[in-house]
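> heads up, no residue letters with this:
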């Protein structure tokens, strides 16, 4: 799976919060960017962001004079930031959940910026959509767990660990899909046929 | 003042609602666009729109397979449309009020598309922000009204019409700014000194 | 299908943005209306709207004096406007998507106004709900496509065109319902039995 | 000040949650209403509400068949309810804060229903807007407090109580207006000139 | 089913709207509370509420001085109130629908306060989740209705009343689940086998 | 200024996404917590969060069985995370802007969790509200800049740097307050009296 640092743009421009909106627009135009980062002044400070939308919604829409307005009047600060290791699908979900379209990638310092265009054009969701991958991985893991349990016994530690992995992947797949919990999970189905596994697992939990 | 048709892009690509999301993304990439219009099939039908955000928020974020999803599952239809004559500041205000970032320009047929980038880069808000223009126009109109009323009399039809124009421009300027109504409007201030104008205007209204 | 112009009210009252809220309320009461349109002053101008909700939420709720407040302080401008040809179900969907309850019908000039009451009481959704109609039309179109393809051959232009129409109607029906894309569309089901059609269609697309 | 019970409509129709949407629409039409109340079945149950908007947004907009849909699929339950004694301005503010347009008036049982039209047409905000009333009451109360303190002494219980009333009315007036707290309240201004009052009040608080 | 009065906290602290935010925070800290109620001054007045969130979002986030800000600047008034008899699941649904996390319980006077923690820790949803209870009750009621109708005849008043009860419970169960209406309700399924019941019911409705 | 790591709680409990809601509630109760963190499984994974609100809004409100529902059905993942160095006022502003009430503190690994109660009770906003501090710092910095410029000359590098610092602090103070940009900034006021500074600064920018 690709991560934020694999798709981010390194082409980031920063601006001071005290700059005028006119200066910000000229910088965007010059650099062919839709977004500027408002840099931090100290470790305690927060990153800010100013986008084309802020200019349209808060300056043009009210006929305001961009020479008189300052970046700090229209910026979002603190902005939501992204960890460079975060998987691209999680970046997309974070964007969807919080309604943002772009965010700086930070680890200690400003590393880059990830936009919707980066996600769609530099990501690999066209070739490798994650949900089908997870579903195939889930099927393989279930097969594997069944094989281990047959070989080592339903009450072996290896069997219990194998099903624990199944549960994690199944949880991720259902979460990813945004679906409801199934009536019967793969593990529960297995337990119906091999009830002895439950007693061992229970013992492991209480010890 | 510039209008929507002055700044719109003519570079519009349309797609059918039954196309797959994968087809939509490839078309966007090919044409270097962030948005596609879903065309109408008849006069009764509504224009739709699909953007990069729809792909990120509804497909990538859930790991869904873009070959299996269709445009009609993620498009916005009907979308908000723009009249080609609408002033650019009003386009910006409509975007701000409804939270959109792009819209097709329609008069009978699809003429073009206006985005935030068109508003900021093709508009003239840097050189001619509207609010200062309106405030200068308001000052001129007030001077003019006072001159007319002095020449023709505060109870003349010309004087009343001149103040009616002042009121309209003042209303537009305060609305544009998003400000509260003033304690005393320019006309009310004038009336305090020339109360005779009110009687004439009242007579005009009741006749 | 009925369209906006079939159900709109012609009983529209307009008001100037510089009028007081008290004047607006009296006009609503006199005309027994819940909404007034703020008329445009020039082609570049935008239509505005003021409703009972604006008066309750922004004047009564704050104990403000309606003689002192002006319509431009509480109106929505630009408001979302409706094309007279738009189908009534699309008007309803536009209302649902944008959270509005009434909108002016415009083509060049102000033709009328469509409210929720117009949609429910003047529309025909009780007798002719659209989704069952579409589903019946879809079933008929599928039958028709199968018959044409049997008569003319699965690789005939007539057959391909007939299935293209099926796809459009199926897309509209699923969109209308707000449902997910089906595992297998009607056309895909047909292709499983008549794979020769895909080769012809592919050829048509690349030519 | 008028209260909810002074302006509510007694013309309320109730419907069961299991009724079809078609039945609900016919009942609304018959009674010329925009809203129905879904009655409670027991003391523990909650009142529900179904409006024209629910029908437009959830039935017409999706082309659904109103004979097949039930009221419980589109109703809001529990709905926000209003106490019959609540002042009309507070009803309006509650509507504004929660985005509702109508609510049942309940005390033990269903007494009536208050809509935006009731607030605007049956209320007295045109003749007696609350904020100017409060501001006049505040001025009177300040005068009164000053007179009492002069007569009885700034350290008398009567003086302290009189200023406590001033503070309450000032708080209400500023809250009502939605304004920020003033730099100096009326009481603080008075204290600057009569610091002895603070010592007495402090003693009263700690005793 | 438990009701609001069964789980509410009696530990409620009230504050005046004119108190400073600093006083409110100290009172919360002293009493170990996250919420204060702003009491009413007269029957016409509305209850208000101030929470930790209001302090964080409106005071700390803007670096404001809590000695200078007043409770009325950050409180929510009127707040949504709860009837002591309301079932706990309905309290939870009201919270979910309106986005609140705590509310005063009022009947004539302030009786207590219900928070999310009260719902989760004092309610019985772990032992007695409502939906499974309703589904079991529905199954029993259907069995009962069938038995009554067999004994008394499908056209008896007892049979009709028994199915009316089924419809109410089925409606409640589907509403509770947030599910769509079923293709065929339990009563409709019964009618397919015993069409005579419909004629009797119809007669009852028109008499 | 305090930072997130100064006020965070170290008392964090984690849970797997595949756990049942009943298990999550029991863990919250046992540990006396309102929130659990859903831990990551790999570096690419995202932190999740589940709170009392999720349980109330999505389980109790729908009468669902907490033994059947899983944490991944109700959690928020990815959740917004906080850098341990972020100033407490910025944490509060981030909460206000995104509507959250609690967030994990992450640097490489999970360090702690910051809630509204931590901000209000462990922060120092009662004693040291930030805005008055900034305003005093601004006043001092302006005095300092004036002194430097008088000593070194309005066209000295030291003078220009001193005013650059003034502009940054003024920007921060106005942003913090959420206020509009002033008509004339401190630096602009100084320039009116010492126009020579502008020429030097301009030269510095273009070199």
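Thanks, I have it. The structure presented is a predicted model; accordingly, all values stated were derived computationally and were not measured.
> list the contacts for the residue in chain A that chain E sits nearest to?
For chain A, the residue closest to chain E is residue A:78, as judged by Cβ to the nearest Cβ, at 10.3 Å. All C-beta spots, glycine's among them, are computed from the backbone N, C-alpha and C. Contact partners of residue A:78, counting by Cβ atoms under 8 Å, 6 or more residues apart in numbering or on different chains, are A:46, A:47, A:48, F:86, F:90, F:93, F:94, F:97.
> Check residue A:34 too.
Counted by Cβ under 8 Å, 6+ apart, residue A:34 has contacts A:28, A:51, A:52, A:102, A:115, B:116, B:117.
> Check for me that the first one belongs to a helix.
Yes: following the definition DSSP: H, G, I helix; E, B strand; the rest coil, residue A:28 is counted among the residues of a helix.
> Leaving aside the residues adjacent along the chain, what's closest to it?
residue A:36 (6.4 Å; Cβ to Cβ, 6 or more residues apart in numbering or on different chains).
> so the one you found is in which element?
For residue A:36, the host element (DSSP states H and E) is strand A:35-38.
> from the middle of its chain, how far away would whichever helix or strand comes after that strand be?
Where DSSP H and E defines the elements, the next helix or strand beyond strand A:35-38 is strand A:48-51. Relative to its chain's centre, strand A:48-51 lies at 20 Å (Cα atoms, centre = their mean, to the nearest Å).
> Just confirm residue A:93 contacts residue B:61, I think it does.
Yes: judged on Cβ atoms under 8 Å, residue A:93 makes contact with residue B:61 at a distance of 4.2 Å.
> Just the buried positions in stretch A:157-177, please.
A:159-160, A:162-163, A:166-176 (16 or more other Cβ atoms under 10 Å in any protein chain shown).
> And stretch A:84-102, by the same measure?
A:84-98, A:100-102.
> just stretch A:33-42 next, same as before
A:33, A:34, A:35, A:36, A:37, A:38, A:39, A:40.
> In a markdown table: the residues you listed, plus distance to residue F:129 and pLDDT.
Formatted as a markdown table, the buried residues of stretch A:33-42 follow (distance: Cβ to Cβ, whole Å; pLDDT from 0 to 100):
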| residue | distance to residue F:129 | pLDDT |
| --- | --- | --- |
| A:33 | 36 | 95 |
| A:34 | 36 | 95 |
| A:35 | 32 | 97 |
| A:36 | 30 | 98 |
| A:37 | 28 | 97 |
| A:38 | 23 | 96 |
| A:39 | 25 | 88 |
| A:40 | 22 | 90 |
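> helices or strands up against the host helix or strand of residue A:164?
Assigned by DSSP H and E, residue A:164 belongs to helix A:157-177. Secondary-structure packing of helix A:157-177 (3 or more Cβ pairs under 8 Å, 6 or more residues apart in numbering or on different chains; DSSP states H and E): helix A:130-152, helix A:186-193, helix A:196-206, helix F:71-74.
> Just want the angle from that helix to helix A:130-152.
170 degrees (axes from the mean of the first three to the mean of the last three Cα atoms, to 10 degrees).
> Compute the inter-axis angle for helix A:157-177 and helix A:186-193.
140 degrees.
> Now do the residue nearest to residue A:28 against residue C:196, distance only.
56 Å (Cβ to Cβ, to the nearest Å).
> which residues touch the nearest residue to residue A:101 once chain neighbours are set aside?
Counting by Cβ to Cβ, 6+ apart, the nearest residue to residue A:101 once its immediate chain neighbours are dropped is residue A:116, at 5.2 Å. Residues in contact with residue A:116, defined by Cβ under 8 Å, 6+ apart, are A:95, A:101, A:102, B:34, B:52, B:53, B:55, B:56.
> go again using 6 Å as the cut-off
Residue A:116 makes contact with A:101, B:52, B:53, B:56, according to Cβ atoms under 6 Å, 6 or more residues apart in numbering or on different chains.
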